[in-house]
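In: the sequence isn't on hand, but the structure is:
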Ligand code: URA
C-alpha cells in the first residue's frame, strides 16, 4: 500500500499532513529515508519508522465498550451523541462501527470494529450468537415466565422468539434476572417481558458470543480486544481470523 495511506490510516494526520511529514525526511522504510508519498510498502514485511519509532500497522480494530446510557449505537445521529463520538481520535481513524445495537437507555457490552467479516458472522441469525443480559424488572418474575421464555414468547408484532434462557436472581415487586438470547430483534428483551406483562426498568448486556464485559470498564470506557479475544470471537462463529 502507499506510504501516505498507511501513515494516514495509522493516525499520523490527513494525507496532506502526512505528505509534509514525508517531505521533512523523518520517515524511513527498512532504515532508508522515504520522501515520496507514492512509495509502496508492505507493512507486513517492511519496517516503517517515523522519527525512529516503529509504526505498528493494523488493518482492523476491535473495541470492547461498556456503553453508557444516553448514547446511540450508531456512527452518526442527527440529535444525539453516538458511541463513536466518545472514541479517541487514534481509534476513530479506523472508522469502527457498532456490532448490533443497544438501546439508548441500555448499558453494557458493545463491540465496535471495522472488521466487516466478523461483524457479519456475529450478526448472522444462522450463527445464533448468545447475548447475556442483566435486567431489573418491574413486577414479580415467576417460574412460569422461565418456562414461557424457554418455549419462546410471541412479541407484539406476532413474531415468536427462539428459546430464551431466563434465570431469576431475585423475585419480588422488583425482580432481578439474567437472560440469554440468541437473536437480536428490535427491543427484544423489553418486548419479551412485555409479552408476559412486565416492564424492564434497567438493562445491561453482560456478554456477547461468550466474551464477558471487562469488569474494569466503567460506563463510557472501552479498550481494545487482545489477540486471544479476537481469535475466540472468530472461533465462536466457526471462522478463522486472518
Ligand atoms: N433488548 C432490548 O430490549 N434492548 C437492548 O438494548 C438490547 C436487547
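Out: That came through fine. Computed from a predicted model, the values in this text were never measured in an experiment.
In: direction included, what does the longest strand along the chain pair up with?
Out: In the chain, with assignment by DSSP state E, the single longest strand is strand 199-208. According to DSSP bridges, strand 199-208 forms sheet pairs with strand 107-113 (parallel), strand 131-138 (antiparallel), strand 211-212 (antiparallel).
In: so which of those strands gets nearest residue 203?
Out: Residue 203 lies closest to strand 131-138 among the strands paired with strand 199-208, at 4.9 Å (CB to CB). C-betas here are computed from N, CA, C, even on glycine.
In: ok, then the element right after that closest one?
Out: Sequence order places helix 143-151 as the next helix or strand after strand 131-138, per DSSP states H and E.
In: how about that following helix and the ligand, any contact?
Out: No - Helix 143-151 lies out of reach of the ligand by CB under 6 Å from any ligand atom, never closer than 13.2 Å.
In: what's the angle from that helix to strand 131-138?
Out: Counting by axes from the mean of the first three to the mean of the last three CA atoms, to 10 degrees, helix 143-151 lies at 150 degrees to strand 131-138.
In: so which elements touch helix 143-151?
Out: strand 165-170 (3 or more CB pairs under 8 Å, 6 or more residues apart in numbering; DSSP states H and E).
In: got the angle between the strand it packs on and strand 131-138?
Out: Interaxial angle, strand 165-170 versus strand 131-138 (the same axes, to 10 degrees): 40 degrees.
In: let's test this: mean pLDDT of strand 165-170, rounded?
Out: Strand 165-170 carries an average pLDDT of 98.
In: so what are the sheet partners of the very next helix or strand once past it and their directions?
Out: Counting by DSSP H and E, the next helix or strand C-terminal to strand 165-170 is strand 174-181. Strand 174-181 sits in its sheet next to strand 131-138 (antiparallel), strand 165-170 (antiparallel), going by DSSP bridges.
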